[in-house]
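A.B. asks: structure for this input, please:
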Amino acid sequence: MDMLWNGWGDPAKAAPLPGTVTELLRDLLGVTPRTAPALALEDIRLPAPTAAPAALKALARAAGGEEHVRTDPESRIRHTRGKSTPDLLRLRAGDVADVPQAVVLPASHDEVLAVLRACAEHRLAAVPFGGGTSVVGGLAPERSAFVALDLRRMDGLLDLDPVSRTAVLQPGLRAPEAEALLAEEGFTLGHFPQSYEWATIGGFAAARSSGQASAGYGRFDDMVLGLTLATPEGTIETGRAPRSAAGPDLRQLVLGSEGAFGVITSVLVRIRPLPQTRVYEGWRFDSFEEGSAALRRLAQDGPRPTVLRLSDETETLIGLAQPDAIGSRLEHGDAGCMAITGYEGTAEDTGRRRERAAAVLRACGGTPIGAEPGERWAHGRYSAPYLRDALLDAGAFAETLETAAFWSRIPDLYTGVRTALTDTLTQAGTPPLVMCHISHVYENGASLYFTVVSAQGKDPVAHWAPAKHAANDAVLAAGGTISHHHGVGTDHRDWYVRETGALGVDALRAVKHRLDPEGILNPGVLLPTD
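C.D. replies: The predicted model follows:
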């Protein structure tokens with residue numbers, strides 16, 4: 001099944017906002033219901049592909065047949081941009097300026113190589129497409145003549161080594177299918193980001209994804225032991241051993257490269273035994289500062305839960321700590337911050353860690369509030385993107401951004417980003433509601449994930465751009481990184497250049513030029529075009 005073309009996920013899972021939230025949007029933010037009728041997919045008119053017939057024939061030969069090169073309007077529209085709020089708003093308005101010329105579906109590494117060579121020969125840009133879940137402009141290259149390389153036919157488990165506890169997965173394999181295949185052999189990958197239901201293995205690697213259980217399983221780049229990359233100039237293979245001192249690690253060059261250096265065609269990952277038990281529970285702290293100190297202590301001194309999250313006062317009050325219960329806490333006016341802890345593993349180990357972690361959380365001012373908040377979070381952990389769509393349908397603007405920093409810089413980062421968003425949007429006449437949570441923790445720092453809701457204004461895409469730029473500036477000013485797990489794309493590229501520095505960017509340009517001399521690989525994504 002394909003994802004909703006102008007929104008997130010399965011249309012059957014979409015639900016309207018609760019009345020309490022609709023009233024809050026109206027009274028607090030001045031949000032008025034959207035009156036224009038929704039545009040249907042069949043109402044969008046596309047120009048015919050301008051790619052030369054010879055180019056389309058070359059792509060068909062490379063991908064194993066004409067049936068694997070699609071130029072029909074629906075296929076092209078479904079591969080237009082990603083799933084950020086500006087992406088969706090533009091598509092809902094009928095703006096398809098970034099539509100691909102064609103959708104190509106290769107089925108093997110060799111076919112990907114052939115497709116890339118055909119693209120280079122005919123000067124067509126190539127954009128790898130997995131689940132289409134990018135929220136940073138990662139699927140909108142700075143070239144009008146491009147094709148989307150949909151990797152859905154490359155969706156297998158190629159190898160599983162139970163002795164070494166490794167598996168080789170193809171890039172088009174969606175996360176739920178990967179988990180199902182591994183579970184048949186008694187294993188799990190343990191990677192559960194918010195995009196889990198739709199994102200793919202290749203996308204996880206290309207964007208340095210981080211899952212909601214990262215405190216226990218690590219980030220996706222921690223799980224990758226090796227990978228294979230197809231480029232217009234040939235193949236790169238990495239991963240002969242779990243660790244090596246044989247020069248710089250080329251895996252780290254490919255991870256996070258977002259299709260700018262090549263197309264990932266297989267990934268060797270670390271796997272873990274399926275947990276015997278999973279337990280999630282809630283904790284309350286008086287303030288975000290107090291809760292952050294508690295999370296830091298667990299991250300640094302242990303025991304570290306598998307899942308460890310903390311919502312600030314606003315996010316807790318609105319109910320985003322439990323997206324499937326949005327608005328429920330407004331009726332009670334609960335103060336404070338909610339933390340979610342989760343434990344996975346053997347029953348014995350889970351019990352020991354829960355007891356020890358509970359003692360730490362109590363010592364840091366935490367109050368246990370039982371299993372119900374944790375179980376509600378687990379049940380609704382993938383619901384937030386559907387909630388975003390419901391907010392858009394109701395006439396609100398809703399978007400997210402994330403960053404990370406060392407623990408000592410977290411307070412200034414939190415304050416700086418909130419202030420930048422609030423000031424910019426208020427000056428534009430649409431005062432926002434800004435919420436935040438700590439979503440990933442490390443011994444030395446943590447990630448902050450912000451959610452912004454406001455009225456849409458007359459032009460919501462143009463309305464958001466100054467606020468996003470101000471938030472990006474605030475991230476760098478406070479010592480944060482421009483992205484912790486969403487990637488760079490085009491939205492963060494200019495700030496990534498500032499963060500990396502001119503010499504670092506020049507080094508990456510040299511790599512791209514060697515692997516992609518014609519500049520066809522996702523041009524403008526990650527690095528500025530020449």
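
A.B. asks: what is the burial count for A60?
C.D. replies: Residues near A60, counting by other Cβ atoms under 10 Å, number 18. Just so you know, the C-beta spots here come from the backbone N, C-alpha and C atoms, and that holds for glycine as well.

A.B. asks: for it, give me its contacts.
C.D. replies: A60 sits next to E66, H68, V69 when contact means Cβ atoms under 8 Å, 6 or more residues apart in numbering.

A.B. asks: quick one: which of those has the most company?
C.D. replies: Counting by other Cβ under 10 Å, top hit in these: V69 with 25 neighbours.

A.B. asks: how much space between that residue and E289?
C.D. replies: According to Cβ to Cβ, to the nearest Å, V69 and E289 sit 56 Å apart.

A.B. asks: grab the nearest non-local neighbour of V115.
C.D. replies: Using Cβ to Cβ, 6 or more residues apart in numbering and skipping residues adjacent in sequence, the residue nearest V115 is A62, 4.4 Å away.

A.B. asks: likewise R153?
C.D. replies: If the residues on either side of it in the chain are set aside, R153 comes closest to A107, at 4.2 Å by Cβ to Cβ, 6+ apart.

A.B. asks: before we move on, back to that, mind listing what's buried in whichever helix or strand the residue nearest to V115 is part of?
C.D. replies: Using DSSP states H and E, the element containing A62 is helix 53-63. Judged by neighbour count using 16 or more other Cβ atoms under 10 Å, the buried positions of helix 53-63 are A55, L56, A58, L59, A60, A62, A63.

A.B. asks: check stretch 106-119 too.
C.D. replies: Judged by neighbour count (16+ other Cβ under 10 Å), stretch 106-119 contains these buried residues: P106, A107, H109, E111, V112, L113, A114, V115, L116, R117, A118, C119.

A.B. asks: show the pLDDT at the third one.
C.D. replies: Going back to what we said before, that points to H109. What the model reports as pLDDT for H109 is 98.

A.B. asks: could you do the last one as well?
C.D. replies: Among the per-residue scores, C119 holds a pLDDT of 98.

A.B. asks: the closest residue to A260 other than its chain neighbours - how many residues pack around it?
C.D. replies: Counting by Cβ to Cβ, 6+ apart, A260 lies nearest to L526, which is 4.3 Å off, once chain neighbours are set aside. Neighbourhood size, L526 [other Cβ under 10 Å]: 26.

A.B. asks: so what's L526 up against?
C.D. replies: Each residue near L526 by Cβ under 8 Å, 6+ apart is listed here: S257, E258, A260, V488, G489, R493, Y496, L508.

A.B. asks: farthest pair within these?
C.D. replies: G489 and L508 (15.1 Å; Cβ to Cβ).

A.B. asks: who has more neighbours out of those two?
C.D. replies: G489 (24 against 19).

A.B. asks: distance of the more buried one from R78?
C.D. replies: Applying Cβ to Cβ, the value for G489 to R78 is 19 Å.

A.B. asks: picking that back up, can I get the buried residues of helix 53-63 in CSV including pLDDT and distance to G336?
C.D. replies: As requested, those are exported to CSV (pLDDT from 0 to 100; distance: Cβ to Cβ, whole Å):
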residue, pLDDT, distance to G336
A55, 97, 60
L56, 97, 59
A58, 98, 62
L59, 98, 57
A60, 98, 60
A62, 98, 58
A63, 98, 55
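
A.B. asks: contact partners for the residue located most distally from the centre of the chain?
C.D. replies: Distance from the C-alpha centroid of the chain, by Cα atoms, centre = their mean, peaks at A54 (36.2 Å). A54 is in contact with H122, counting by Cβ under 8 Å, 6+ apart.

A.B. asks: quick check, pLDDT for it.
C.D. replies: 97.
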